[in-house]
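A.B. asks: Got a predicted structure here, sequence first:
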Amino acid sequence: MTAVLLCWGAALWLEGAAGLHTDVLVLAVALTLTLSSTQRAAPTSRRLVALVLLPVSVAGAQFLGRLIMHHYAVGAAVFAAGISLCVWIRRYGPTATKIGTLMTLPFVALLVVPGPALPRAAEGGLASWSWSALIGALACACVWLVQGLGDRYGPWRPEPERPAPRGVSRLHPRPSTRMAVQMAAGVALAFLCGRLLFDGHWPWAVLTAYVVASGNRGRTDVVRKGVERLLGASAGTLLATGVAAIGITGRVSVAVTFAVLAVALWLRPLDYAYWAAGITTALSLLLGYFGQDAVSLLPTRLAAIAVGAVLSIAAAWWLLPVPVRRRSPRGTRSTWWARA
């Protein structure tokens, strides 16, 4: 959260100095939140790759967001193909897996900020991509700075990354291919159903379809994550309703939003439902800050989350399902997806 607040403060200054949209603040927070976990204890070489790859990916995602706004079907197809490609390249080893994970961050941020987070005067030119790339680089810098200072002067020490299990799966198609196909199908259907059922609120269904399908460890795992996201979102709905009833608005709502995110990050290792509840509450407070009636939209959000979860679960169960865990010949725990 220290990195998030630092990046948010820098983006806030940049917004005022360059006349950017307020959405740029949301983009900065979303990127920093998702980037922090992937860069923990990362070697210098991988951080340099992130510094190059993330800004480029963010700029491309902003172009994709504009494509979705003007040509929804084409943009949805490109989005589904791109995010499934990030899963498919896991077949090429741990380095490719890390790169694929990094490339998905702008896709996730795009679902949180579906509109162009760009200056009005530069929405149609090369400068628009430059601003987006700058926010990506800013997120990298804030995460590295805070993590570096914390590891050097804090009472803890970063745990070194454990090497991923090696080997080639004998399953055909490979688990990475199966997960990529499931991701593409679930996300594509979420785009279709989201637009037909929820109009401009389609990102909630697509985001849920992605979250439930990501890191697929078999049918049971997908069902568990779908149920946890729905339960967490329901709890977040009740919490956001209570906050709205109190009448929290303006800068106070921003402070409450960051407090909710901090608690959600703290509780996330215990259960994913806590994270889902925190994100739902934070997004509801964000909608309220921008003048939308977040309480009236919460039933729509829950319905969209349920639809996205059902679509991902259906794809995981009936479209090239991934085998569950099994024992290796030596008696150690092994997984098909870890050796994809």
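C.D. replies: Ah, there it is.
A.B. asks: Identify the residues contacting Phe223.
C.D. replies: Quick fix: residue 223 is Val, not Phe. Val223 makes contact with Ile313, Ala316, according to CB atoms under 8 Å, 6 or more residues apart in numbering. From N, CA and C alone the C-beta is placed, and that goes for glycine too.
A.B. asks: got the residue ranges for the helices in the protein?
C.D. replies: Secondary structure of the chain, counting by DSSP state H: helices at 2-18, 23-39, 44-70, 72-88, 94-112, 126-153, 175-198, 202-213, 219-246, 250-267, 272-289, 294-318.
A.B. asks: out of those helices, deepest packed?
C.D. replies: Here the criterion is mean neighbour count by mean count of other CB atoms under 10 Å, and of the helices of the chain the winner is helix 202-213, at a mean of 27.
A.B. asks: by contact count, what packs against that helix?
C.D. replies: Packing contacts for helix 202-213, counted by 3 or more CB pairs under 8 Å, 6 or more residues apart in numbering; DSSP states H and E, involve helix 94-112, helix 175-198, helix 219-246, helix 294-318.
A.B. asks: what's the angle from it to helix 175-198?
C.D. replies: 150 degrees (axes from the mean of the first three to the mean of the last three CA atoms, to 10 degrees).
A.B. asks: Any chance you could list what contacts helix 202-213?
C.D. replies: With CB under 8 Å, 6+ apart, helix 202-213 has contacts from 79, 83, 107-108, 111-112, 114, 179, 182-183, 186-187, 189-191, 193-195, 197-198, 222, 225-226, 229, 300-301, 304-305, 307-309, 311-313, 315-316.
A.B. asks: and the direction of that helix versus that of helix 44-70, what angle?
C.D. replies: Using the same axes, to 10 degrees, helix 202-213 lies at 140 degrees relative to helix 44-70.
A.B. asks: would you put the C-alpha positions of helix 202-213 in PDB?
C.D. replies: The C-alpha coordinates for helix 202-213 follow below in PDB (Å, rounded to 0.1, in the frame of the first residue of the first chain):
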ATOM      1  CA  TRP A 202     -19.800  -5.500 -19.200                       C
ATOM      2  CA  PRO A 203     -16.300  -5.200 -17.600                       C
ATOM      3  CA  TRP A 204     -17.600  -6.700 -14.400                       C
ATOM      4  CA  ALA A 205     -18.500 -10.000 -16.100                       C
ATOM      5  CA  VAL A 206     -15.300 -10.100 -18.100                       C
ATOM      6  CA  LEU A 207     -13.100  -9.400 -15.100                       C
ATOM      7  CA  THR A 208     -14.800 -12.200 -13.100                       C
ATOM      8  CA  ALA A 209     -14.400 -14.600 -16.000                       C
ATOM      9  CA  TYR A 210     -10.700 -13.800 -16.100                       C
ATOM     10  CA  VAL A 211     -10.100 -14.000 -12.400                       C
ATOM     11  CA  VAL A 212     -12.000 -17.400 -12.000                       C
ATOM     12  CA  ALA A 213     -10.200 -18.900 -15.000                       C
END
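A.B. asks: Off-centre distance for that helix?
C.D. replies: 9 Å (CA atoms, centre = their mean, to the nearest Å).
A.B. asks: And for stretch 301-312?
C.D. replies: Worked out by CA atoms, centre = their mean, stretch 301-312 lies 16 Å from the chain centre.
A.B. asks: Contacts for it, please.
C.D. replies: Here stretch 301-312 makes contact (CB under 8 Å, 6+ apart) with 182, 186, 189-190, 193-194, 197-198, 201-202, 204-210, 212-213, 222, 226-227, 229-230, 233-234, 237, 280, 283-284.
A.B. asks: Kindly recompute the last result at 6 Å.
C.D. replies: 186, 189-190, 193, 198, 201, 204-205, 208-209, 212-213, 226, 230, 233 (CB atoms under 6 Å, 6 or more residues apart in numbering).
A.B. asks: Can you tell me which of those residues is closest to Ala96?
C.D. replies: Ala213 (18.8 Å; CB to CB).
A.B. asks: And the pLDDT for the closest one?
C.D. replies: At Ala213, the model reports a pLDDT of 85.
A.B. asks: Next: Val310.
C.D. replies: Looking at Val310, its pLDDT reads 92.
A.B. asks: what about it, distance to Val206?
C.D. replies: The gap separating Val310 from Val206 is 13 Å, by CB to CB, to the nearest Å.
A.B. asks: which residue is nearest the centroid of the chain?
C.D. replies: Val108 (3.6 Å; CA atoms, centre = their mean).
A.B. asks: For Val52, see how far away the closest residue to that residue other than its chain neighbours is.
C.D. replies: Among residues not flanking Val108 along the chain, Thr34 sits closest, at 5.8 Å (CB to CB, 6 or more residues apart in numbering). Distance, Thr34 to Val52, using CB to CB: 18 Å.
A.B. asks: same question, Ala61
C.D. replies: Distance from Ala61 to Val52, by CB to CB: 15 Å.
A.B. asks: Give me the below-cutoff pLDDT ranges for this structure.
C.D. replies: 113-128, 157-171, 244, 291-295, 324-340 (pLDDT under 70).
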